[in-house]
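In: sequence first, then the predicted structure, then my questions.
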Amino acid sequence: MSKKIIIVIVVIAILVGGFFGLQEIRKNNAAKAAGNFQTETVSRGNLIAIVGGTGIVRSNQSAQLSWQTSGQIGEINVDLDDLVQEDDLLATLEKNSLAQNIILAEADLVSAKNNLDTLLNSNLAKAQAQQALANAKDALETAETRRESKEYDRASEQTIEEAYARYILAKDEADKWEQRYDTVDNRPEDDPVRAAGLSEWAAAKQVLAQAEANYRYLLTEPDEVEIAIADGNLALAQAQYEEAQREWERLKDGPDPDDIIVAESRIASAEAVLEMANLRAPFNGTITNIYSKTGDRVNPGTVSFRIDDLSRLLVDVEITEVDINDIKTGMSADITFDAILDKTYQGKVVEVARVGNVTAGVVNFTVTIELDNPDENVLPGMTAAVNIIVKEVEDVILVPNRAVRLREGERVIYILRPGEIMPQSVQIEIGAMSDFQSEVVGGDIKVGDTIVINPPMEFSMGPGMGF
């Protein structure tokens, strides 16, 4: 046998021995690894998927009640923990300590109420408007007649002739008395006959002057000044009539609605000023704090009471954007308190914010939960731990979350088949998830299979679910 053949045989022997030796080493290593595997058995069961958070208990409605004016507290009508109804009077200020504008508001209120009563119940304004309309109509008709007269001669021929006749008669009468006076003119000034004659003559001359003026006036036509005056009087009468007509239309069917609104506004304004001396409950609730006592001096903004509507207790929790789409209104929640041991309360989601809040780069959404069964131990301000039940499934295949791996973008688990020493990866599809378990809705897996929790590193991309 040649030397070269011997060398080849030796090399082949070494390679074969090395191969089988390596396989043996691998088997030994696998056996050792298998001895270190942590395993669990695939089972069936129920799963509750939850999203958790913490928040502070608050009442359905809360208010700090403060004064709007200054004064001295005269009466406090409630005690701590009293139940009150909306508009209940909680406290008042002493009248003699109130500001001047509040004291005067009482007189304003009486006046405003009287004014409204007059509007609603008195017919005087209506009667006055009706009389004013009638007077304005008469005045307008007179002005129209006088203006129309300026378009014609001042009088007919007969009227002028009659005026002339009166003028002639008056002249004759004046001449007669002048002649009689002349017969006694030479008598002393204090003579009664002379004085009587002078008086009669003067009266006759006055009648004559009036008759002459009237006659001459009837002979002339109206001038521009007279027409302008008549036009002005007519325009004024027309405007006064229209104003009277509007007032009558406003009042004939009763008081003007605008007047009633104004009167009611005056009443409301006066009442609002007077109400500044009182503190009332803004809604039904419980007095949860009293900060003042009788005799205290208060100023605008001084807080005297806190009131809370404890008929509903709510908890606001911040949920991350990853989980927010799993939460819907109406979902149930379990609520626990550090201050209340060994008791779990139930609630439901009543509101899910549609806009997130960004804090330090983290986006959270506010979710509001209402307690279904609060008792006297649950108080506003307590810290609550809330678990919202987003899904419940029954009789499903369950695997532990720590057994699930992410490999090439797919979720897998490692199953150790009977008679094998190394686990095999199986691709699965996940349904509902809780903090510790996941529902398997797809994949070659069945109840009773052995799952490897800690497969060797060469089988896995690393621990964790990669959700």
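Out: That came through fine.
In: quick one: low-confidence residue ranges for the protein.
Out: 1-35, 103, 105, 107, 119-124, 149-156, 221-223, 253-256, 457-467 (pLDDT under 70).
In: with adjacent residues omitted, what lies nearest to the residue nearest the centre of it?
Out: Taking Cα atoms, centre = their mean, the centroid of the chain lies closest to Pro282, which sits 15.0 Å from it. Distances taken as Cβ to Cβ, 6 or more residues apart in numbering put Ala63 closest to Pro282, at 5.6 Å, once the chain neighbours are dropped. (Each C-beta comes from the backbone N, C-alpha and C, glycine too.)
In: ok, Trp177 next?
Out: Trp201 (4.0 Å).
In: which residues touch the one you found?
Out: When the contact criterion is Cβ atoms under 8 Å, 6 or more residues apart in numbering, the partners of Trp201 are Ala174, Trp177, Glu178, Arg180, Tyr181.
In: between the residues you listed, which is nearest Glu370?
Out: Ala174 (113.0 Å; Cβ to Cβ).
In: so the closest one is in which element?
Out: Following DSSP states H and E, one finds Ala174 within helix 157-184.
In: what angle separates the helix or strand just after that helix from helix 157-184?
Out: Counting by DSSP H and E, the next helix or strand C-terminal to helix 157-184 is helix 192-219. Relative orientation of helix 192-219 versus helix 157-184 (axes from the mean of the first three to the mean of the last three Cα atoms, to 10 degrees): 160 degrees.
In: show the buried residues in the contacts of Trp201.
Out: Buried members of those, counted by 16 or more other Cβ atoms under 10 Å: Ala174, Trp177, Arg180, Tyr181.
In: follow-up on the earlier one: give me the buried stretch members for the helix or strand harbouring the residue nearest to Pro282, please.
Out: With elements taken from DSSP H and E, the one containing Ala63 is strand 43-66. Within strand 43-66, the residues that qualify as buried are Leu47, Ile48, Ala49, Ile50, Val51, Gly53, Gly55, Val57, Arg58, Ser59, Leu65, counting by 16+ other Cβ under 10 Å.
In: so which helix or strand takes in the residue lying closest to the fourth one once chain neighbours are set aside?
Out: The reference is to Ile50. Closest residue to Ile50 apart from its sequence neighbours, by Cβ to Cβ, 6+ apart: Asn387 at 4.4 Å. In the assignment (DSSP H and E), Asn387 maps to strand 383-400.
In: restricting to C-alpha, output that strand in CSV.
Out: The C-alpha trace of strand 383-400 is given here as CSV (Å, rounded to 0.1, in the frame of the first residue of the first chain):
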residue,chain,number,x,y,z
THR,A,383,-56.5,57.0,45.5
ALA,A,384,-58.1,54.1,43.6
ALA,A,385,-56.5,51.3,41.6
VAL,A,386,-58.7,50.5,38.6
ASN,A,387,-58.7,47.4,36.4
ILE,A,388,-60.9,47.7,33.3
ILE,A,389,-62.2,44.4,32.0
VAL,A,390,-61.8,44.8,28.2
LYS,A,391,-62.5,41.1,27.3
GLU,A,392,-63.7,37.9,28.9
VAL,A,393,-63.3,34.5,27.2
GLU,A,394,-64.2,31.0,28.5
ASP,A,395,-62.9,27.5,27.8
VAL,A,396,-60.1,28.5,25.5
ILE,A,397,-56.5,27.3,25.0
LEU,A,398,-54.1,29.3,27.2
VAL,A,399,-50.4,29.8,27.2
PRO,A,400,-48.2,31.8,29.5
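In: how far out from the middle of the chain is that strand?
Out: Counting by Cα atoms, centre = their mean, to the nearest Å, strand 383-400 is centred 40 Å from the centre of its parent chain.
In: other SSEs contacting the one helix or strand Ala228 maps to?
Out: Element membership of Ala228, judged by DSSP H and E, is helix 224-251. In terms of contacts (3 or more Cβ pairs under 8 Å, 6 or more residues apart in numbering; DSSP states H and E), helix 224-251 is packed against helix 124-149.
In: for stretch 356-373, list every residue counted as buried.
Out: Gly356, Asn364, Phe365, Thr366, Val367, Thr368, Ile369, Glu370, Leu371.
In: and the first one, what does it touch?
Out: Just to be clear, that refers to Gly356. Counting by Cβ under 8 Å, 6+ apart, Gly356 has contacts Glu321, Ile324, Val363, Asn364, Phe365.
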